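Q: 3D model of this:
(2 chains)
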Amino acid sequence: MKLFRLLTPLLLTVVAVLCFAPAAWAFCGFYVAKADTKLYNKASQVVMARDGDRTVLTMANDFQGEVKDFAMVVPVPTVLQKEQVHVAEPKIIERLDAFSAPRLVEYFDSDPCAATDWVEQAPAPSAAVRGGAARERGGDANLGVTVEARFNVGEYDILILSAKESGGLETWLKRNGYKIPRGAKQLLQPYIRSSMKFFVAKVNLDKFEQSGYQFLRPLQISYQSPKFMLPIRLGMINATTEQDLIVYILSSKGGAEITNYRTVKIPSDTNIPLFVKDEFGEFYKSMFQTAYTKEDKKVGFLEYAWDMGSCDPCSAEPLTPQELKQAGVFWLDDNSENNLSVPPNFRRFPSSNVFITRLHIRYTRNKFPEDPMFQQTSNQESFQGRYILQHPFTGEIKCQAGREYKRSLPKRFEQEAQTLAKLTNWNIQEIRNKMKLSVGNLTYSWWENFWSWLGLY
Amino acid sequence: MLFKDIRDYQILFLGLFLVLGIGTRDWTLRPELIAVAIATCLSTQWILSSVICKGQITNLRSALISSLGLSLLLRTDHWTTMAFAAAIAIASKFIFKVGDKHFFNPANFGIISALVLTPDAWVSPGQWGEDWWYGLLFAGTGGMILQRVGRWDTTAAFLGAYSLLEAIRNLWLGWTWDVYCHRLMSGSLLLFALFMVTDPRSIPNNQIGRIVWAICIAILTFILRNYFFVSTAVFWALFTLAPLTILIDVLWSAPRFSWFWESSTDKGDSCRDAINRVSTG
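A: Below you'll find the predicted structure:
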C-alpha cells in the first residue's frame, strides 16, 4: 500500500507526459495568395533585430507626400553616431512582409471512390499577384537643445538631439524648419525626461536626386539599450483614424510578445468558401477588423511566428543569409559558441538562428495609451495566419462511398459559410448566394437527396 | 472536510482563473504542461514529506496551490522545464528554512529558478490584459481569501506603495493619466499582489513587519521595471527580498500563521508544520 501511494504520483507524471507529448505540426496545402501589407493604405513597418540588449531597428515610412516635406522625429534610447545609421534596401521589408504574410492555401479532395487515401493533386497556377511598384515611405543653447551628432547617410540629413525640456525642443525644431504638429510639446516631454535622444531625419534633395531613387528608402539604426519598445505615441498626435503598425521582430531565441498589452493570435487554420480566392485581401481585412473589434481594440495580433530556416507553405522563399543581414540580423556569424552552452535536454534546436515574429498592431489614442514594450521569449511554437480552400472532388462518382461523400458536401459548405460569416461579419445570406455560384454543379435536387437517403442512388 | 480549509477556496479560485485564461485569453497555456506541473508538485511533496517526515499524513493542498500558480504564470517550451520548476518549487520549502519557517514563496522560487537555470522558460506579463472586470474578479476572490487569513495589510501596502511611486513618476514624466491606469490595471500585477505576495506562511508574521516588507518589494519592483526594464520585475523583487522575512521576524516577533482554525492542533509538531506550511500561488 505504501509503495502504491508513492507510485501513484509518479505514474501520473508518466501518463501525463505520454498523453501530451507534443504532436508534430504539419502545415501543408498549396499556397495560393497572401495578405501582405499592401492591403493597408497606411501601415508603418518596423523591423527589430535584437539579441541581448543590442538592437538594429529598420523603419519604413509610409510617407506619401512631397519628398521635400519629409521629416521624422523618433525618440531613441542612446546618442547615435554616423556608423550606427544606414539606409536599408527597401526590398528587404517587402521580402519580410511577403515571407510572413497571412496566406491562403488550397487542397483538392481526391476521388472518394479510389482506394487510395487523400492525395493532394497539383495546384492550379498561383493566383498571387506580384510585382507592382515598390511601396516605400517613404544650436541654440538657451533652448536646452544640444546637437549631439550631425551627419548625412545616403539621401538623408540626420541630427541627433538631446533636449532638457520639451518647449525648447519644439521651438528648436520649428526654427530649423521642421513642421511640428500641435500638441507635440506635451508628448515630447516624457521622452526627454526618460533621457531619450531624438533621431531627426530630413531628405537632402540634391542627394536624393543624384541617388536616382524615386522613393525614400528605409532608415536603419543600431544601438545598445535594455529598452525594447517602440515610441508610437508621438505618431498619434494628428492621427484621426486607427493606425496600423506591422512589427517584424527577428530574434535568435524564439518568439517575441508585447509585455504591456495582450498578444493575441489572429484566427487561423479555418476552412472558408472557395470564392474567397478572388477576394482574399478583402476577406483578410474584414477578418482583422472583426477580430480587432472583438478584442476591444487593445491587443496586438500575432500574424506569424516561425523559424526563418523554413516555411510551409511558403508565401515567399526564406530570406538568404545575405538578406537577413540586410534586415539587421547581426549575430549570424558570431553566435556558434552560444548554442554550445545550452543544456541539451531543455531545447529543441532551431534549424536556423533567426526566428521571426510578425505583430500587427492597430492603435488609437484612447485604446493604446502606452507605448508597446516587447520581450523575447524562447517560445519556439510556430504560428501562421493560414486559411484553407478545400476543393470538392468534381469527377464522376460511381460507388457507395462516393455517394456518401457527395451527400456530406452541403453540410461542409454550410459550415464554411458560417465560419466565414463569423470571421468577417459578412452577411451569411450573401455568402451562401456567392457560394452557389462557385459550387453550382454540386447542388442536388430533392429527389436525389431522397433516393440517396434511402440508399438507392 | 471540503472548504473548511481556506486553501480549498484558493485552489478553487486559481483553478477558475486557469479555466478563464484558457477560455477567454487564448494564451499559450498548454494543458499538458499544467498536468506536468500538478503531477510533479504533488509527487515531490509526497516523496519529500515521506522521506523527511515518516509516518505523517501528507497534505497536498499546498503543493496543488503551488502547481496552479506555476501553471498560471510560467510559460515554457518543453515539459522538462515545467517539471524542473515544479520540483524545485516544492523542494525549496524543505531546503530553505530557518527554524520551522520557509521564507521563499515556492511558486516564485520555481519561476525564478526556471528563468535563470533553463533556456526555455519565460513569463508573459501582458497576457492577462487590463480589463476592469478581471481586476474586479481578482480583487473579489483574492479579497475573500485575504479577509479569512488576515493579510489585507500586505496587499494594501504593496499596491499602495507601488501605485504611489508610479503616480509620482507619471506626474514627473508628464504622461496622461490613462497611461498610469494602464500600467496599474495589469491583470498580472493584481494577481501577484493578491495571490502571491500575501502567502501567510512565508511572509513576516508581524503586521508592521509585513507592511515594511511589502513596501520594500514595491520599491524594488518599481526600480527594476522602470530603470532596468525587467518585464518580470515583481517576481525578482519578491525573490530577492524573501530572505528579509527572517530578519523582520527577529525584529518584530509575532505568533506564526497557521492554516488551521484550531491553531493548537499543529503546535509542537514541527514536521507536520513543515508540510503544511505552504505558499499561495
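
Q: quick check, pLDDT for A:Ile192.
A: Note for A:Ile192: predicted pLDDT of 92.

Q: what's the burial count for B:Arg256?
A: 17 (other CB atoms under 10 Å in any protein chain shown). Every C-beta, even on glycine, is put in place using the N, C-alpha and C of the backbone.

Q: ugh, wrong one, A:Ser378
A: A:Ser378 has 22 neighbouring residues, counting by other CB under 10 Å.

Q: again, but for A:Asp333
A: A:Asp333: 10 surrounding residues under other CB under 10 Å.

Q: gap between it and A:Val74?
A: Distance, A:Asp333 to A:Val74, using CB to CB, to the nearest Å: 28 Å.

Q: do the same with A:Gly309
A: Distance check for A:Gly309 against A:Val74: by CB to CB, it reads 32 Å.

Q: compare the two (neighbour count), which wins?
A: Legend: neighbour count by other CB under 10 Å for A:Gly309 and A:Val74, higher for A:Val74 (19 against 13).

Q: just the pLDDT at the nearest residue to that one once chain neighbours are set aside, thanks.
A: Using CB to CB, 6 or more residues apart in numbering or on different chains and skipping residues adjacent in sequence, the residue nearest A:Val74 is A:Phe199, 4.6 Å away. Here, the pLDDT recorded for A:Phe199 equals 93.

Q: ok, now the one 4 residues further on?
A: pLDDT for A:Val203: 88.

Q: tell me who's in contact with A:Phe368.
A: Shown in contact with A:Phe368 (CB atoms under 8 Å, 6 or more residues apart in numbering or on different chains): A:232, A:236, A:261, A:297-298, A:361.

Q: do A:Phe199 as well
A: A:72-76, A:80, A:85, A:158-160, A:221.

Q: for it, phi and psi?
A: phi -100, psi 120 (degrees, to the nearest 10).

Q: separation between it and chain B?
A: Shown here: A:Phe199 relative to chain B, a distance of 19 Å by CB to the nearest CB, to the nearest Å.

Q: nearest residue to residue 255 other than its sequence neighbours?
A: Using chain A here. A:Asn379 (4.0 Å).

Q: can you look at chain B instead?
A: Spatially, and ignoring its direct neighbours in sequence, B:Pro255 is nearest to B:Asn205 (6.5 Å; CB to CB, 6+ apart).

Q: from chain A, how far out is that neighbour?
A: For B:Asn205, the distance to chain A equals 32 Å [CB to the nearest CB].

Q: run a quick neighbour tally on A:Phe215.
A: 17.

Q: surely it is within a strand?
A: No. Counting by DSSP: H, G, I helix; E, B strand; the rest coil, A:Phe215 falls outside a strand, being coil.

Q: do a quick rundown of the helices in chain A.
A: Using DSSP state H, the helices of chain A run over A:2-20, A:90-100, A:166-175, A:184-193, A:205-211, A:280-294, A:321-326, A:336-340, A:400-424, A:428-438, A:446-454.

Q: flag every buried residue along stretch B:12-19.
A: B:13-15, B:17-18 (16 or more other CB atoms under 10 Å in any protein chain shown).

Q: closest to A:Glu94 among those residues?
A: B:Leu18 (42.1 Å; CB to CB).

Q: wait, that closest one sits on B:Trp27?
A: No. Look at B:Leu18 against B:Trp27 with CB atoms under 8 Å: they stay out of range, at 9.9 Å.

Q: okay, now the unreliable bits of the chain?
A: Reading this off chain A. Scanning chain A for pLDDT under 70 picks out A:1-29, A:62, A:115-141, A:238, A:334-352, A:437-457.

Q: I was after chain B.
A: Applying pLDDT under 70 to chain B flags the ranges B:1-3, B:26, B:54-58, B:258-281.

Q: in it, which residue sits closest to chain A?
A: With CB to the nearest CB as the measure, B:Glu32 is the residue of chain B nearest to chain A, at 2.6 Å.

Q: can you confirm that residue is in a helix?
A: Yes. Counting by three-state DSSP, B:Glu32 is located in a helix.

Q: identify the residues contacting the nearest residue to A:Asp36 once chain neighbours are set aside.
A: Nearest residue to A:Asp36, sequence neighbours excluded (CB to CB, 6+ apart): A:Ala101, at 4.1 Å. Applying CB under 8 Å, 6+ apart, one finds that A:Ala101 lies in contact with A:34-37, A:303-304, A:315-316, A:385.

Q: in the chain, which residue is most central in space?
A: Because you didn't say which chain, this covers chain A. In chain A, the centroid-proximal residue (CA atoms, centre = their mean) is A:Arg358; its distance is 3.2 Å.

Q: um, chain B though
A: Against the mean C-alpha coordinate of chain B, by CA atoms, centre = their mean, the closest residue is B:Met196 at 2.4 Å.

Q: ok, which residues in the stretch 151-300 of chain A are in contact with chain B?
A: Within the stretch 151-300 of chain A, the residues that sit near chain B (CB under 8 Å from any CB of the partner chain) are A:166, A:186, A:189-190, A:193-194, A:226-228, A:254, A:257-265, A:296, A:298-299.

Q: switch to 6 Å and redo it
A: Counting by CB under 6 Å from any CB of the partner chain, the stretch 151-300 of chain A comes close to chain B at A:189-190, A:193, A:226-227, A:258-262, A:264.

Q: which of these are buried?
A: With neighbours counted by 16+ other CB under 10 Å, those contain buried members at A:189-190, A:193, A:227, A:258-262, A:264.

Q: which of those fall within strands?
A: A:258, A:262, A:264 (DSSP state E).

Q: before we move on, back to that, rebuild the contacts of A:Ala101 as CSV, extending it with distance to B:Trp152 and neighbour count.
A: Converted to CSV, these look like this (distance: CB to CB, whole Å; neighbours: other CB atoms under 10 Å in any protein chain shown):
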residue, distance to B:Trp152, neighbour count
A:Lys34, 54, 24
A:Ala35, 51, 24
A:Asp36, 53, 25
A:Thr37, 50, 22
A:Glu303, 43, 24
A:Tyr304, 45, 26
A:Ser315, 54, 25
A:Ala316, 57, 20
A:Gly385, 46, 25
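
Q: nearest to B:Phe109, of the residues you listed?
A: Ranked by distance to B:Phe109 (CB to CB), those are led by A:Tyr304 at 35.5 Å.

Q: the closest one reaches A:His360, doesn't it?
A: No. Contact criterion CB atoms under 6 Å: A:Tyr304 and A:His360 do not qualify, at 9.3 Å.
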